[in-house]
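S.K.: Build me a model from this:
(one chain, ligands or ions: 1)
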Amino acid sequence: MTEQTPIVIVGTGLAGYSLAREIRKRDKEARIVMVTADDGVSYSKPMLSTGFTKGKDAEGLAQAATEAMAEQLNLELRTYTTVTGIDTAGHRLLLGDHSLSYSKLVLAWGADVVRLTIPGDGQEWVFPINDLGDYRAFRKALKPGSRVAIMGAGLIGCEFANDLRNGDYEVEVIAPSDAVMPSLLPPVAANAVQAELESLGVRFHLETVVERIEPADAGVTLFLANGEKLKADIVVSAVGLRPRTELARAADLDVGRGITVNRALETSAQDVYALGDCAEVDGHVLLYVLPLMACSRALAKTLTGERTEVSYGTMPVMIKTPCCPAAVCPPPPDAQGSWETEQDGSHVKTLFKNADGDVLGFAVTGRFAIEKQALSKVVPPIHS
Ligand SMILES: Cc1cc2nc3c(=O)[nH]c(=O)nc-3n(C[C@H](O)[C@H](O)[C@H](O)COP(=O)(O)OP(=O)(O)OC[C@H]3O[C@@H](n4cnc5c(N)ncnc54)[C@H](O)[C@@H]3O)c2cc1C
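M.R.: Below is the predicted model of the structure:
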C-alpha cells in the first residue's frame, strides 16, 4: 500500500502547533508532517517577556518536549530542518538537497526580527529575542546585576524592561519615538505606562537612537545620537518584527507586508496556505496570538474537508507590564473620531468614539485594565 501524501506544516511555533491540534480534534488519522528549523520544543512565546516575574528560566518556559508533541499529536516531526524553497507546480517542499511531497502545505514560519546594522565592534553583546533559543542565549549571557540596554520601546521592549526590573537588573530603554508603544497606544495611555515603568526604575532615552556600540572594560558603551553615552553589560534589540516572506516571494506567491492570503488562508498557489506571524490575512498583519488561534480553527476545518473563512472578532492586545497593566484595542486605521479620556494618575480609560458616539477602540491602564473584557464586547469586530 502506498503511503498517503501528507499535509505538511512548516513551523512549530504557536501557529503550527495550534493548527495541528485543531486538525487532530477533527481527524485523528490524516497524515501530518511538521518541519521546523528549530528544536520543535513547545513553548508560549508571550511568556518570554515574563521569565523573571514568573521565576522561570528558558527551560522553565518550555511546555513540552518535541517527542511528546509528536506523540500527542500523532504526527511526524522533522526538527533542525530548514525549508529552502517551494516547488508549487510539483507540490514539493525543498529542504536543501532533499524534498518532501505535500498534499496541502501550510506556511507557519513566523516573522524575523529586524536587525539593525549598528557601527562599532559591540555586536556580540546584542541579543534579539524572538524564540526560546534566543531567550536561552540571552539568559546565559545575563549575569546577576547586569546593566541592560534595550533598543526599542514597543510592546516587547517595554515588557522586557518591566520583567528585567523585576529581576533587579538596571534597565535603560532607547527609542526614536517620543512615547512608548507609539503604534499601539494613544499618548495618554502610553505616558501612564512609561511613568509607572520609570517609578520602577527604568530609565528612558526617547527621541534618539543608538549610533555606535563599542566594547568597554566591562560590557559595552552605547553612543546615542543625542550625545549621551550609556554603559551596559548586555543589549536587547527589540526594534521590530517582519513577516518572513522571502521564500514565498521566490516561489512566486503573492506577497504584501506578509504572505498574502484570503480569509480561507489560501495563498495565490493551489494547496498552499499561510497563518500566524508570516501571513497577511485579508489585508491584516496582526502579530499576536488571538488572530492565529482564530486562523488555526478555520484552517483545520478547511484541511479536513469543510472550506471555512476566518472571522476576526475584536482583538484586544494585553500588555504585560505588571507595574501598570494595560490593554488596547486600536481603532481601525481609517476610523474617524476622537479619544475621550477618564484619568486618575496612571489609571487611564480612553475610548475612541466616532461622531455618533460609537466606541471603535479603547485603551485602559492600571485599575481600568480590568474593564478590557467588557469594552471588547462594545467594540465592533474586525470582520463583521
Ligand atoms: C517577547 C514576546 C512577547 C509577546 N507577547 C505577546 C502577547 O502578550 N500577546 C500576544 O498576543 N502576542 C504576543 N507576542 C507575539 C506572539 O508570540 C506571536 O504572534 C506568535 O507566537 C507567533 O507564532 P508563529 O507560530 O506565527 O511564529 P513563530 O513562533 O516565530 O514560529 C515560527 C516557526 O517557523 C520555523 N521556521 C522559520 N523559518 C523556517 C524555515 N525556513 N524552515 C523551517 N522552519 C522555519 C521556526 O523555527 C519556528 O518553529 C509576543 C512576542 C514576543 C517575541
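
S.K.: Check which helices and strands the helix or strand harbouring F127 sits against.
M.R.: In this structure, F127 sits in strand 126-128 according to DSSP states H and E. Applying 3 or more C-beta pairs under 8 Å, 6 or more residues apart in numbering; DSSP states H and E, one finds that strand 126-128 contacts helix 132-141, strand 234-237. Using the backbone N, CA and C atoms, a C-beta is placed for each residue, glycine as well.

S.K.: Spell out which parts of this structure neighbour the ligand.
M.R.: 10-16, 35-38, 45-46, 48-49, 82-83, 108-110, 129-131, 156, 244, 276-277, 287-290, 292, 318, 320 (C-beta under 6 Å from any ligand atom).

S.K.: Show the contacting residues for G122.
M.R.: Taking C-beta atoms under 8 Å, 6 or more residues apart in numbering, we find G122 in contact with 212-215, 220-222, 235.

S.K.: out of these, which are buried?
M.R.: 212-213, 220-222, 235 (16 or more other C-beta atoms under 10 Å).

S.K.: So which of those are in strands?
M.R.: Among the buried ones among the contacts of G122, the subset assigned to strands under DSSP state E consists of 212-213, 220-222, 235.

S.K.: So which of those residues is the closest to the ligand?
M.R.: Minimum distance to the ligand across those is 15.7 Å, recorded for V235 (C-beta to the nearest ligand atom).

S.K.: What strands flank the strand holding F127, and is each parallel or antiparallel?
M.R.: Using DSSP bridges, the strands paired with strand 126-128 are strand 234-237 (parallel).

S.K.: Please work out the average pLDDT along the strand it pairs with.
M.R.: Taken as a whole, strand 234-237 has a mean pLDDT of 98.

S.K.: List the contacts of it.
M.R.: 113, 115-116, 122, 125-129, 138, 141-142, 146-152, 157, 160, 210, 213, 219-220, 222.

S.K.: domain assignment for this protein?
M.R.: Here the domain parsing of the chain from automatic domain parsing is 7-111+241-303, 115-237, 325-378.

S.K.: Quick one: the ones you listed as TSV, columns for distance to V310 too.
M.R.: Shown next, in TSV, are the domains of the chain (distance: least, C-beta to C-beta, whole Å):
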stretch	distance to V310
domain 7-111+241-303	4
domain 115-237	22
domain 325-378	17
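
S.K.: Need the winner for burial among the helices and strands packed on strand 126-128.
M.R.: strand 234-237 (a mean of 24; mean count of other C-beta atoms under 10 Å).

S.K.: Tell me which helix or strand comes right after that one.
M.R.: Heading C-terminal from strand 234-237, the first helix or strand you meet, by DSSP H and E, is strand 241-243.

S.K.: what's next to that next one, contact-wise?
M.R.: 110-114, 130, 257-259, 277-280, 285, 287.

S.K.: Just among those, which is most surrounded?
M.R.: A279 (33 neighbours; other C-beta atoms under 10 Å).

S.K.: got a list of what that residue touches?
M.R.: A279 touches 107, 243, 258-259, 261, 265, 285, 295, counting by C-beta under 8 Å, 6+ apart.

S.K.: on that earlier part again, and L75, which of the helices and strands packed on strand 126-128 is closest to it?
M.R.: helix 132-141 (20.2 Å; C-beta to C-beta).

S.K.: Low-confidence bits of the chain, can you list those?
M.R.: Within the chain, the ranges that satisfy pLDDT under 70 run 1-2.

S.K.: the helices in it, which residues?
M.R.: 14-26, 51-54, 58-61, 66-73, 132-141, 155-166, 187-199, 246-250, 289-303, 372-378 (DSSP state H).

S.K.: Let me have those helices in JSON lines, extended by distance to L93.
M.R.: What follows is the helices of the chain, written out as JSON lines (distance: least, C-beta to C-beta, whole Å):
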{"stretch": "helix 14-26", "distance to L93": "14"}
{"stretch": "helix 51-54", "distance to L93": "34"}
{"stretch": "helix 58-61", "distance to L93": "29"}
{"stretch": "helix 66-73", "distance to L93": "18"}
{"stretch": "helix 132-141", "distance to L93": "22"}
{"stretch": "helix 155-166", "distance to L93": "30"}
{"stretch": "helix 187-199", "distance to L93": "43"}
{"stretch": "helix 246-250", "distance to L93": "10"}
{"stretch": "helix 289-303", "distance to L93": "16"}
{"stretch": "helix 372-378", "distance to L93": "38"}
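
S.K.: Pick the most deeply packed of those.
M.R.: helix 155-166 (a mean of 25).

S.K.: for that helix, packing partners?
M.R.: On a contact count with 3+ C-beta pairs under 8 Å, 6+ apart, helix 155-166 meets helix 51-54, strand 147-151, strand 170-175, helix 187-199, strand 317-319.

S.K.: Residues contacting the longest one, please?
M.R.: By C-beta under 8 Å, 6+ apart, the surrounding residues in contact with helix 187-199 are 158, 161-162, 165, 173, 179-182, 185, 204, 319, 321, 323-324, 326, 328, 339, 341, 343, 345-348, 350, 363-366.

S.K.: Now the residue of the stretch 101-250 of the chain found nearest the ligand: phi and psi?
M.R.: Residue nearest to the ligand within the stretch 101-250 of the chain (C-beta to the nearest ligand atom): G110, separated by 2.5 Å. With angles defined as degrees, to the nearest 10, G110 sits at phi 70, psi -160.
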